[in-house]
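**Q** what's the 3D shape of this:
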Amino acid sequence: MWIGVDRVKEVNVHKLLKEFENIEFNEGESVEDFWMRIINLVANIKLLGETLDDTRVVKKFLRVVPPRFNQVAVSIEMIYDVKTLSVEDLVGRLRAAEDRFEDRVEQITDKAGRLLLVEEEWLEKHKNHFQVNSHKEGGSGGSS
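**A** I've put the predicted structure just below:
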């Protein structure tokens, strides 16, 4: 009976480890949400008796960051020793970068929105000018 239980446990550990190796950020997923998914997966693996050290989790996290965090990930790898970096510290640094990135996106979006409004106002203001010129050109071309 115990042999069967051990085999089931081994199969479950193998399945969870495969899931850990294949885990990636979902489209638009926040650092916090991904962290919750990966930490739950790691907890389930540990419950089954398998060990996963922080270094492995940190390296995995850095390998799968979305493209907008690639430069941050490279900087972290260059500045910090990933063997001693805790998952919590990594997540904190990525969340700080995410907050700065989101603030920057909001600023750019706001400026782009204002520029679009200015362009629309300009087109509305000059619409009559374009209509008058097109009538003059059409009228003078037909009378020659």
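
**Q** residues near residue 14, how many?
**A** The tally of other residues near residue 14 (other C-beta atoms under 10 Å) stands at 12. Backbone N, C-alpha and C define where each C-beta goes, glycine included.

**Q** flag every buried residue along the helix or strand harbouring it.
**A** Per DSSP states H and E: residue 14 is located in helix 2-22. Buried residues in helix 2-22, defined by neighbour count with 16 or more other C-beta atoms under 10 Å: 13, 16, 20.

**Q** closest one to residue 89 out of those, please.
**A** Of all the buried residues of helix 2-22, residue 89 sits closest to residue 20, with 20.0 Å by C-beta to C-beta.

**Q** list the residues that contact the spatially closest residue to that closest one that is not a sequence neighbour.
**A** Leaving aside its chain neighbours, residue 20 sits nearest to residue 41 (5.5 Å; criterion: C-beta to C-beta, 6 or more residues apart in numbering). Under the criterion of C-beta atoms under 8 Å, 6 or more residues apart in numbering, the neighbours of residue 41 are 16, 19-20, 23.

**Q** and what about residue 41, helix, strand or coil?
**A** helix (DSSP: H, G, I helix; E, B strand; the rest coil).

**Q** do you know how far residue 60 is from residue 24?
**A** 10 Å (C-beta to C-beta, to the nearest Å).

**Q** who has more neighbours out of those two?
**A** residue 60 (17 against 12).

**Q** which residues sit in contact with that one?
**A** 20-21, 23, 38.

**Q** out of those, the closest to residue 102 would be?
**A** residue 38 (20.9 Å).

**Q** how many residues are close by the closest one?
**A** 20.

**Q** what sits against it?
**A** Here residue 38 is in contact with 20, 23, 57, 60-61 (C-beta under 8 Å, 6+ apart).
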